[in-house]
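Visitor: next come a sequence and a model predicted from it.
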Amino acid sequence: MVLSINGDKHEVTVDPDVELLIVLRDYIGLTGTKYGCGEGACGACTVLVNGNITRSCITPVNSVAGKEITTIEGLEKNGELHAVQEAFLATDAFQCSYCASGMIMAAVALLKHNPSPSENAIVNAMNTNICRCGTYPYIVKAIQLAAKS
Amino acid sequence: MKNPDHLQHPFEPMTDELPPEPGYHFILDRRKFLALTGGGLVVAFVLRDMLSFSGETLSPGNSQVPVSGVGAWIHISEDGKVTVYTGKVEVGQNIRTSLAQLVAEELMVPLSSITMIMGDTDLVPYDAGTFGSRTTPQMGPQLRKAAATAREALLEMAAKNWNTTAGNLKAENGMIVNAATNKKIGYGELTKGQQLLIPISDNVQLIATKDWKVAGKTVPKINERNFITGKHQYVSDMKLPGMLYGKVLRAPSYGAKLLDADVTKASKIPGVVVVKDENFIGVAAPDVKTAIKALEAIDAKWEENKGHPSNENIFDYLVKNARGESGGRNADDTKGNVEQGLTEAEFKHSKTYNIHYIAHVPLEPRAAVAEWIDGKLTVWTGTQRPFGVQQELADVFKMSKEKVRVIMPDTGSGYGGKHSGEAAIEAARLSKEAKKPVKLVWTREEEFTWAYFRPGGVIDVSAGVKKDGTITAWKFNNYNSGGAGLATPYKTGSQQIAHLPSNTPLKQGSYRGLAATANVFARESHMTDLARLIKMDQLEFRLKNLEDDRLIAVLQAAAKSFGWNGPKTQGHGFGIAGGFEKGGYVGCCAEVMINGDKEVKVVRITQAFDCGAIVNPHHLEQQAMGSIIQGLGGALFETVQFANGKILNSGLSSYRVPRFSDIPKIEIVLIDRKDIPSAGAGEACIVGVAPAIRNAIVDATGITLNTLPMLPNGALA
């Protein structure tokens, strides 16, 4: 099976029903995407598939073959951070940061669909991502900053 | 024949996970320091009781320092790089950053020249663990003194080189400068060719807090770029060459006994290693899916325990199963005759408060990677107690601690929930058999089921008060929650306060703020009810009975910023609560709104916090924010549901934690007391949230809730 991840083609030999998260982390070595709950309830495993938010922990890998997958590792281009990453850096939003990849991917997708979201729109869009450290207000601030830039 | 190396699986309830004193006092000699760090200057913090050692520069003749006597050390290398070695660990509280700030301040070096080596048992001095908000008040001053001692030693060295006195010189930006002669020399150059090991001088002059330039300021999280690009390697991200993936067979319920297990089928799966060692059964496989398949292929028969309580009847159970002794760190606190105090009261109020078990839910579950090389075990694991886990491993595998190295890369949070070494032991056991490195990451369900919980509890409070607000009697019995926050800061005519441990049906242990969340909830709820009985304002009643200036100050600061005496919308209520925990003072105001369907919405929270001199304002605010938001979960809806020895909500779709939409407007007022040593900041801010919300609900409706969580369904009954 050939996967297109962050613009690169990866040939993997796995059972078709293996979760995308496992393939990304254990087979391709892209460990920026995290395991948090295994049931699509916390958002730590969020990646983009054709630009749409996808919970990689409940996504069988064969369902994304041939589609464009973007992970946290794919945001930085030629040593330059994505504008959303820059905004999170400037806000110094996270604590343990385990949720960071999922939060940032969800924020990238949100701003792509809605470049200047209201606070309510941010809360609604991000509500399926959990930060147990409770950095939510800083994450909202970072997304607002990214929207401005 | 019984395997002498068998694994004792530590599943028994953890009633006291605080570590014992280190069992051994190995001798650390000067050569080990220097082999570790190469040439240069090493300043070691030596505990105060090592009197024979204090104030001397070590010569090879008396270079032996018991490991247990050293708390931290700082090394300045010949290229001027500063390395700080401490057993404290980073779990998201940003202590890596704030400790580095304190060292940079005293040593007068740029923050970027400092590397923090944390939580690696081979490299850092013994440390009991990162808990109890101890890092800032204990490790902070140690490192400040070590850095200041290094600074003074460097000044002396330069003075000697230049034939002058240290008083004519100053340290700045990693150099010693003689302003009169315009001479400069870098720290690295000064230490070149030297091999110096000196103890900390207790008399060393620290930079006054009011003069701080690097400490006391907001600086961003160290290594932050690695975290937002996904590059940071948490333990669960690690991969070693040839590494296998481990899984452990879990019992179907607590206390279930393994009768028989057939592992033949699992063993025949290519590449799979099965370990069956008494009650431990685990597998290791080349990939995680194969490990899961192997686990499913094991045919195990269990005898389950009957008669477990459930969360429906847990409060009766805890009272009935009280061990009949008071205990905990805060023992009985009795003053006067409380029964007489109650008869003297003009108003009496008794209530029982119930606290459900809740879970820490660190977003990164327990994880470990273990590797054995030539009889030495190395385990990377996310733990708040690397040395505690080292001891656990040494005990389980019957080997000396020197043969066990535990390394703790910055982990995906803990909140008091990662004090134990289960995953480390499991990975090590599998790795030993497989003779290959093994990674073992707990599933969310395992984390919910086999870690430990914040204790449930029952708190009986009876109090008497006079019309003028004098508290004549205060009777406070806490079943099982614990002793933290048990004492009352309010003046009482008589009091009887006790913590009564119970036999707990669930494994319980530390949690952010420990029992203070429960005790402060009961106390502050009761205080508001007493105020209402005598028709006195909640805040006024508290202030009338307080003597502690700092607690008074935070309550007043919170009330002022909140607008305590300001207008209140119809259907809204205001509540207040205050508390002191781990050196931090917190005053919390909450506003709630109740709609026609009796749904409660927390509109806003204002919290004032004083934990002494602030080291990093942004990171302190984040700790306060995190505590408030975590506190919201336990206040409103978090409950571990259990029955028949099983956890019924062991996933994040069934166990509810706070999300973006649960967050009210939160205002944090930080009080910077430069005249008071910095205390830890990660815990105190959790204690006021629940009672402030509860008291706001009372204010709006007269309904006196008494169980945490208060609103599992979001509405009043």
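Guide: Arrived safely, thanks for sending.
Visitor: who touches B:Ile594 in this structure?
Guide: When the contact criterion is CB atoms under 8 Å, 6 or more residues apart in numbering or on different chains, the partners of B:Ile594 are B:571-573, B:600-601, B:697, B:700-701, B:716. To be clear about C-beta, it is placed using only N, CA and C from the backbone, and glycine gets the same treatment.
Visitor: now do the buried residues in stretch B:616-634.
Guide: For stretch B:616-634, the neighbour count (16 or more other CB atoms under 10 Å in any protein chain shown) marks B:616, B:618-634 as buried.
Visitor: any weak-confidence spans in chain A?
Guide: The model of chain A has no residue with pLDDT under 70.
Visitor: show me where it has helices.
Guide: Using DSSP state H, the helices found in chain A span residues A:20-22, A:83-91, A:100-113, A:119-126, A:136-148.
Visitor: residues touching stretch B:701-717, excluding its own?
Guide: With CB under 8 Å, 6+ apart, stretch B:701-717 has contacts from B:351-356, B:358, B:517-518, B:521, B:525, B:529, B:573, B:594, B:597-600, B:633-639, B:690, B:693-694, B:697-698.
Visitor: distance between the ends of it?
Guide: Taking CA to CA, to the nearest Å, stretch B:701-717 runs 12 Å from one end to the other.
Visitor: hmm, which of the contacts of B:Ile594 are the buried ones?
Guide: B:572-573, B:600, B:697, B:700-701, B:716.
Visitor: ok, now which ones touch the residue nearest the centre of chain A?
Guide: By CA atoms, centre = their mean, the mean C-alpha position of chain A lies nearest to A:Met105, the distance being 2.9 Å. Listed by CB under 8 Å, 6+ apart, the contact partners of A:Met105 are A:46-48, A:53, A:70-72.
Visitor: let's see it at 7 Å
Guide: A:46-48, A:72 (CB atoms under 7 Å, 6 or more residues apart in numbering or on different chains).
Visitor: so which of the residues you listed comes closest to B:Val586?
Guide: A:Thr46 (34.2 Å; CB to CB).
Visitor: tell me the secondary structure for whichever residue of chain B sits closest to chain A?
Guide: Of all residues in chain B, B:Gly230 sits closest to chain A, at 1.9 Å by CB to the nearest CB. Under DSSP: H, G, I helix; E, B strand; the rest coil, B:Gly230 falls in the coil class.
Visitor: before we move on, what about B:Ile281?
Guide: strand.
Visitor: now do it: how many residues are near it, please.
Guide: 20 (other CB atoms under 10 Å in any protein chain shown).
Visitor: show the pLDDT at it.
Guide: pLDDT for B:Ile281: 97.
Visitor: also the one 10 residues further on?
Guide: Per-residue pLDDT puts B:Ala291 at 98.
Visitor: for it, give its distance to B:Ser494.
Guide: 61 Å (CB to CB, to the nearest Å).
Visitor: pick out whichever of the two has more residues nearby.
Guide: When neighbours are counted by other CB under 10 Å, B:Ala291 and B:Ser494 differ, and B:Ala291 comes out ahead with 27 against 20.
Visitor: look up phi and psi at the more buried one.
Guide: The phi/psi pair for B:Ala291 (degrees, to the nearest 10) reads phi -60, psi -40.
Visitor: show me the beta-bridge partners of the spatially closest residue to it that is not a sequence neighbour.
Guide: In this structure, B:Ala291 finds its nearest non-sequential neighbour in B:Ala285, 3.9 Å apart by CB to CB, 6 or more residues apart in numbering or on different chains. Beta bridges link B:Ala285 to B:Tyr245 when assigned by DSSP bridges.
Visitor: B:Ala285 against B:Gly271, yeah?
Guide: Yes: under the criterion of CB atoms under 7 Å, B:Ala285 makes contact with B:Gly271 at 5.8 Å.
Visitor: who's more crowded, these two?
Guide: Neighbours were counted for B:Ala285 and for B:Gly271 using other CB under 10 Å; B:Ala285 has more, 26 against 13.
Visitor: identify the bridge partners of B:Lys301.
Guide: Counting by DSSP bridges, the residues bridging with B:Lys301 are B:Asp260.
Visitor: correction: the previous question concerned B:Lys170.
Guide: Beta-bridge partners of B:Lys170, as defined by DSSP bridges: B:Val177.
Visitor: how much space separates it from B:Lys183?
Guide: From B:Lys170 to B:Lys183 the distance is 12 Å (CB to CB).
Visitor: ditto for B:Ala370
Guide: In terms of CB to CB, B:Ala370 sits 53 Å off from B:Lys183.
Visitor: of these two, who's got more company?
Guide: B:Ala370 (30 against 15).
Visitor: give the contact list for the more buried one.
Guide: Taking CB under 7 Å, 6+ apart, one finds B:377, B:379, B:424, B:427-428, B:431, B:437-438 in contact with B:Ala370.
Visitor: same thing with B:Ile471?
Guide: When contacts are counted by CB under 7 Å, 6+ apart, B:Ile471 touches B:463, B:465, B:490-493, B:545.
Visitor: is it bridged to anything, and to what?
Guide: B:Val465.
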